[in-house]
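Chemist: need a 3D model of the sequence below.
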Amino acid sequence: MMSSPLSPPAGAPWLTTRPIAHRGLHDRSAGVIENSLDAARAAIDGGYAIECDVQDSADGEAFVFHDHDLARLTGRAGAFCALRADLLDTLSLQDAQAAGRIPRLADFLSLVAGRVPLVIEIKSRFDGNPALTRRCLEILGDYAGPFCVKSFDPQIVAWLCRDAPHILRGIVADAAGSGPPDGTGMKRDGCLARGHLLHFDETRPDFVSWKAADLPHAAPFLCRSLRGMPILAWTVRSPDQAADVRAHADQIVFEGFGA
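Modeler: Numbering: from 1, shown residues only. Next up is the predicted model:
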């Protein structure tokens, strides 16, 4: 746990109180795959908060899955968003114990059931379409546990600010202003805006999730020192790295060791 965290946003005392397991507490060598229900169970058993990734199927259903391509985790080539929900339901996660499947967000929420906090990252194709965000909020409508929503895409966070201001929201960023992994829409001015949080007036995030390897950095420093915004550091992969970011962040998003 990080020392002396800043006060989290009103109504969210849980945001910085415990380390956050990146995509759940996963270990592929042991058959526990990232963003799976087994990874969620392991994080719950360890008392950690959970970060999970959400993206949509071809027919608009929200699933917990990180990659835009299916190959690394399922062995099947092709884009995640090209398949309908009923077909995604049939795919097995490679190397998973007990034939693990890709969970729908609704199933993930049912398992967690408020036992630990959830940090939900909405994946984006940076196309300005809020459909996945809307679907996530529909599913979260009756969820009683602590959660927040974050994204690399400022348009998603701006949409939350405007259309769902009651939802705790965060921006994910790094010094390079990363966007889509394939470079789509990666104009230099967009990278500059993301890397320096120049979208702040539109997004008004409650917290910032910043790349651990890029700390310290002026943008999160100013958010933290001038506005009292909590900073989450991602992805921390060792105790030494956790110690390195302690002075610059209020909590870590970690994997690969016991935080």
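Chemist: top strand in the chain by residue count?
Modeler: strand 49-56 (DSSP state E).
Chemist: next SSE downstream of that one?
Modeler: Using DSSP states H and E, the helix or strand that directly follows strand 49-56 along the chain is strand 62-64.
Chemist: now the element after that following strand, going C-ward?
Modeler: Following strand 62-64 in sequence, per DSSP H and E, is helix 71-74.
Chemist: grab the most central residue of this protein for me.
Modeler: Residue closest to the average C-alpha location in the chain (CA atoms, centre = their mean): E121, at 2.9 Å.
Chemist: tell me if I am right that that one is in a helix.
Modeler: No - per DSSP: H, G, I helix; E, B strand; the rest coil, E121 lies outside any helix segment and is strand.
Chemist: list the beta-bridge partners for it.
Modeler: Counting by DSSP bridges, E121 forms beta bridges with D53, K150.
Chemist: returning to what we had before: need the contact partners of the longest strand of the chain.
Modeler: Contact with strand 49-56 is made by 14, 18-24, 35, 40, 43-44, 62-66, 68, 80-81, 105, 108, 112, 116-123, 131-132, 135-136, 234, 253, as judged by CB atoms under 8 Å, 6 or more residues apart in numbering. C-betas here are computed from N, CA, C, even on glycine.
Chemist: likewise stretch 230-249?
Modeler: By CB under 8 Å, 6+ apart, stretch 230-249 touches 2-3, 5-9, 15-16, 20, 22, 51, 119, 170, 172, 206-212, 215-216, 220-221, 223-224, 250-257, 259.
Chemist: okay, and which of the residues you listed map to strands?
Modeler: 20, 22, 51, 119, 170, 172, 207-211, 251-254.
Chemist: that older thread, and the buried ones among the contacts of strand 49-56, selectable in ChimeraX?
Modeler: Applied in ChimeraX, the following selects the buried portion of those according to 16 or more other CB atoms under 10 Å:
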select :14,18,19,20,21,22,23,24,35,40,43,44,62,63,64,65,66,80,81,105,108,112,116,117,118,119,120,121,122,123,132,135,136,234,253
